[in-house]
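Visitor: One predicted model, sequence on top.
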Amino acid sequence: MTYRHLLVILFLGLIFSPGRSLGQSPPALKGYNVLLITVDCLRPDHMGLYGYRRNTTPNIDRFFQGAAVFQEAVAQAPWTSPSILSMLTGLYPAVHAMDVRGKLLDKYFYTPLKQLRESGYYTLGYMTFDNYSNQGWDEETKKGNLIEILEKHKGEKFFAWQHFREPHLPYSPPDAFKDVFLKGPYSISPQKAELIRTLEKIPKGSVEFDGKDADFIRDSYDGAVLYQDARLEKLFLFLRDTGLVEKTIIVLTADHGEELLEHGFVGHASTSESATAFDEVLRVPLLIRIPGMSFGRPIPGIVQHVNIMPTLFDLLGMRPEFTAQGKSLLPLMKGENRDKEDFSLAFVETSYCGWQCPGERVLDRIHAVRSREWKLIEERKASGIERSLYDLKSDPGEKNNLYDREKEIAAKYQALLSSHQRANMALAATLAGQASEAHFMEAEARIGVKNYKEAVEELEDVVRLDSVYERENPSFTSDPELGKDWRKVMSRAYELLGRAYSERAREAGKNGEGK
């Protein structure tokens, strides 16, 4: 046991379990399992642990009683892929860059999951897609039974992630759950009610909702939340019955929230194809259940998805060898650093329409910086840049844009956002450069043994990196300073590609002459 790990255990025993003495400190967390549960579109203000008046999440509330409940958790994006990637990597969306169609994380990016796998963890991604590949999974599956898989590997150390799709549109749970809150009568038209019950996507502008539709939409959403909560009960019982609950750190969060007419529409970026950065799509639950530890009250401070992996590594007593922008939440749990910048700001970035963005909108972005008091939103489109500023204390619904009135505050938050964007570009350039160097080394080695096919594949990955990052806004690839070194990288990539093609053709010619 390292000295650093011993210190972590000692303060956990003092802080997390009131009345526990040093002699009764909890067992070491080194080697514990990790289960990350993400629930699509789940809003914290529709959950019992966050004070909701309806009993929508009874199983979650019971299972996570005494867990660390973070009051003000913010997603890195208002749709699934960039948010999940930020959870799994600890990087902001502009750095991992998995935010529009056709992108893939480079295989040479060193991730938390790769470190866990190298440390003996079995890594399972349940319900994954191509955009979550190259993370370091031992097993990726979109089908099957998570409980059966965990049963199979319960004797091993594991990191498992499962993503649950409910309460994503359409809000159409089985009748036993739908009818719990759908009491009526409702003013919504039958046609619009049918859209809510049947469509996964409702593009903004395709239908006009109004305030009288809100009750039906909210009640339908709550039924879908209740259904998802019931689906989790079997997993929670399995964890208890097998004893895994005693040796597994369990995290529950959402990829993003969901608009329920607060700003005139329903859904989020991928379903409406018209993203926003308002709190209803950004606020998420964050619950961390740690064996042997109990928390008496919710934890204040702004936390983000990028904090999850650094926190888990801190709890496991593992020194991160990967690059992460998020910070461990253990100081917050301890009651420290609540006013420091690490836990006073959240940063958000999104494309407007998720994977659905067509070519002409692929560079359009929304950026935001949020404190407990203010939020600045910056919209970057081909037509120009628009900004808005909201006072979250007096205007929590974000209805009154104060950007032109509060010029000093707007300038302060614009400076924070610009600094963040600059840091993102610099880090992205560094990581892309490191990955490219690894590709070059492999390509030259393959050329040396006349394996031109694999050499070309390595070099095409460098070209793919360029495509990934040039579709950011702002992008280091076009930055006057940061782009200089990258242009050298691309020149080298095309030079080596030309060499590989030329030598492959020469080799083919020799083979032909010898026949």
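Guide: Yes, it's here.

Visitor: for this structure, longest helix please?
Guide: helix 407-448 (DSSP state H).

Visitor: after it comes which helix or strand?
Guide: helix 452-470 (DSSP states H and E).

Visitor: Show me what that next one packs onto, helices and strands only.
Guide: helix 407-448, helix 482-513 (3 or more C-beta pairs under 8 Å, 6 or more residues apart in numbering; DSSP states H and E). C-beta coordinates here come from the backbone N, C-alpha and C atoms, glycine included.

Visitor: Would you mind finding the most buried of these?
Guide: helix 407-448 (a mean of 17; mean count of other C-beta atoms under 10 Å).

Visitor: With adjacent residues omitted, what lies nearest to the most centrally placed residue in the chain?
Guide: Among the residues of the chain, the one closest to the centroid is residue 83, at 2.3 Å (C-alpha atoms, centre = their mean). Closest residue to residue 83 apart from its sequence neighbours, by C-beta to C-beta, 6 or more residues apart in numbering: residue 255 at 4.4 Å.

Visitor: Report the contact partners of that neighbour.
Guide: For residue 255, the contact set (C-beta atoms under 8 Å, 6 or more residues apart in numbering) comprises 38-41, 75, 79-80, 83-84, 163, 284.

Visitor: SS state for residue 287?
Guide: strand (DSSP: H, G, I helix; E, B strand; the rest coil).

Visitor: burial of it, as a residue count?
Guide: Burial of residue 287 is recorded as 22 neighbouring residues (other C-beta atoms under 10 Å).

Visitor: so it bridges to which residues?
Guide: Residue 287 has the following beta-bridge partners by DSSP bridges: residue 69, residue 252.

Visitor: Not counting its neighbours along the chain, what's nearest residue 173?
Guide: Residue 173 sits nearest to residue 227 (C-beta to C-beta, 6+ apart), 3.5 Å away.

Visitor: for the helix or strand encompassing the one you found, what is the average pLDDT?
Guide: Secondary structure assignment for residue 227, by DSSP H and E: helix 214-241. Helix 214-241 comes out with an average pLDDT of 98.

Visitor: Name the residues of stretch 112-120 that come out as buried.
Guide: 112-117 (16 or more other C-beta atoms under 10 Å).

Visitor: ugh, typo on my part, it should be stretch 444-462
Guide: For stretch 444-462, a neighbour-count test (16+ other C-beta under 10 Å) marks 446-447, 452, 455-456, 458-459, 461-462 as buried.

Visitor: could you pull out the strands for the stretch 151-300 of the chain?
Guide: Using DSSP state E, counting those that start in this stretch, the strands of the stretch 151-300 of the chain run over 158-164, 248-254, 259-260, 266-267, 283-284, 286-289, 299-304.

Visitor: still on that earlier bit, now the helices and strands packed on helix 452-470 in CSV, with distance to residue 245 and mean pLDDT?
Guide: Converted to CSV, the helices and strands packed on helix 452-470 look like this (distance: least, C-beta to C-beta, whole Å; pLDDT from 0 to 100):
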stretch, distance to residue 245, mean pLDDT
helix 407-448, 36, 98
helix 482-513, 47, 91
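
Visitor: Tell me which of those helices sits nearest to residue 381.
Guide: helix 407-448 (16.0 Å; C-beta to C-beta).

Visitor: Low-confidence stretches in the stretch 51-200 of the chain?
Guide: For the stretch 51-200 of the chain, the stretches with pLDDT under 70 are 127-128.

Visitor: what mean pLDDT would you report for stretch 463-477?
Guide: On average, stretch 463-477 scores 95.

Visitor: can you list contacts of that stretch?
Guide: Outside stretch 463-477, the residues touching it (C-beta under 8 Å, 6+ apart) are 94, 97, 99-100, 102-104, 106, 362-365, 380, 421, 425-426, 428-429, 432, 435-436, 478, 482-483, 486, 490, 493, 497.

Visitor: Surely residue 326 is in contact with residue 314?
Guide: No - contact criterion C-beta atoms under 8 Å: residue 326 and residue 314 do not qualify, at 11.0 Å.

Visitor: Give me the distance between the two termini of stretch 321-331.
Guide: 20 Å (C-alpha to C-alpha, to the nearest Å).

Visitor: about what we covered before: what helices and strands are in contact with the longest helix of the chain?
Guide: So helix 407-448, by 3+ C-beta pairs under 8 Å, 6+ apart, packs with helix 93-96, strand 365-370, strand 374-381, strand 384-391, helix 452-470, helix 482-513.

Visitor: Would you map the helices across the stretch 1-150 of the chain?
Guide: 3-15, 58-63, 80-89, 93-96, 112-118, 146-153 (DSSP state H, counting those that start in this stretch).

Visitor: Figure out which of the ones you listed is closest to residue 183.
Guide: Comparing the helices of the stretch 1-150 of the chain under C-beta to C-beta, the one sitting nearest is helix 58-63, at 19.0 Å.

Visitor: just checking, residue 92 touches residue 323?
Guide: No - if you go by C-beta under 8 Å, residue 92 and residue 323 don't touch, sitting 11.5 Å apart.

Visitor: neighbours around residue 213, how many?
Guide: 21.

Visitor: dump the residue contacts of the nearest residue to residue 150 once chain neighbours are set aside.
Guide: Distance criterion C-beta to C-beta, 6+ apart; nearest residue to residue 150, sequence neighbours excluded, is residue 160 at 6.4 Å. If you count contacts by C-beta under 8 Å, 6+ apart, residue 160 has them with 33-36, 123-124, 126, 146, 149-150.

Visitor: List buried members of those residues by neighbour count.
Guide: Neighbour counting with 16+ other C-beta under 10 Å marks 33-36, 123-124, 126, 146, 149-150 as buried within the contacts of residue 160.

Visitor: which of those residues lies closest to residue 259?
Guide: residue 36 (24.9 Å).

Visitor: so that closest one bridges to which residues?
Guide: residue 161, residue 251.

Visitor: can I get the helices and strands packed on helix 452-470 in CSV with distance to residue 210?
Guide: Supplementary listing: the helices and strands packed on helix 452-470 in CSV, determined by distance: least, C-beta to C-beta, whole Å:
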stretch, distance to residue 210
helix 407-448, 32
helix 482-513, 47
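
Visitor: can you redo the helices of the stretch 1-150 of the chain as a markdown table with distance to residue 222?
Guide: Listed next are the helices of the stretch 1-150 of the chain as a markdown table, based on distance: least, C-beta to C-beta, whole Å:
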| stretch | distance to residue 222 |
| --- | --- |
| helix 3-15 | 35 |
| helix 58-63 | 13 |
| helix 80-89 | 21 |
| helix 93-96 | 29 |
| helix 112-118 | 34 |
| helix 146-153 | 25 |
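
Visitor: of the ones you listed, which approaches residue 299 most closely?
Guide: If you check each of those against residue 299 by C-beta to C-beta, helix 3-15 wins as the nearest, at 11.3 Å.

Visitor: average pLDDT for the closest one?
Guide: Helix 3-15 comes out at a mean pLDDT of 35.

Visitor: Name the residues of stretch 393-405 that come out as buried.
Guide: Neighbour-count burial for stretch 393-405, counted by 16+ other C-beta under 10 Å, picks out 398, 402-403.

Visitor: Give me the buried positions along stretch 470-477.
Guide: Under 16+ other C-beta under 10 Å, the buried positions of stretch 470-477 are 470-477.

Visitor: circling back: would you mind giving the strands of the stretch 151-300 of the chain as JSON lines with distance to residue 407 added?
Guide: Below are these laid out as JSON lines (distance: least, C-beta to C-beta, whole Å):
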{"stretch": "strand 158-164", "distance to residue 407": "42"}
{"stretch": "strand 248-254", "distance to residue 407": "35"}
{"stretch": "strand 259-260", "distance to residue 407": "29"}
{"stretch": "strand 266-267", "distance to residue 407": "34"}
{"stretch": "strand 283-284", "distance to residue 407": "28"}
{"stretch": "strand 286-289", "distance to residue 407": "34"}
{"stretch": "strand 299-304", "distance to residue 407": "24"}
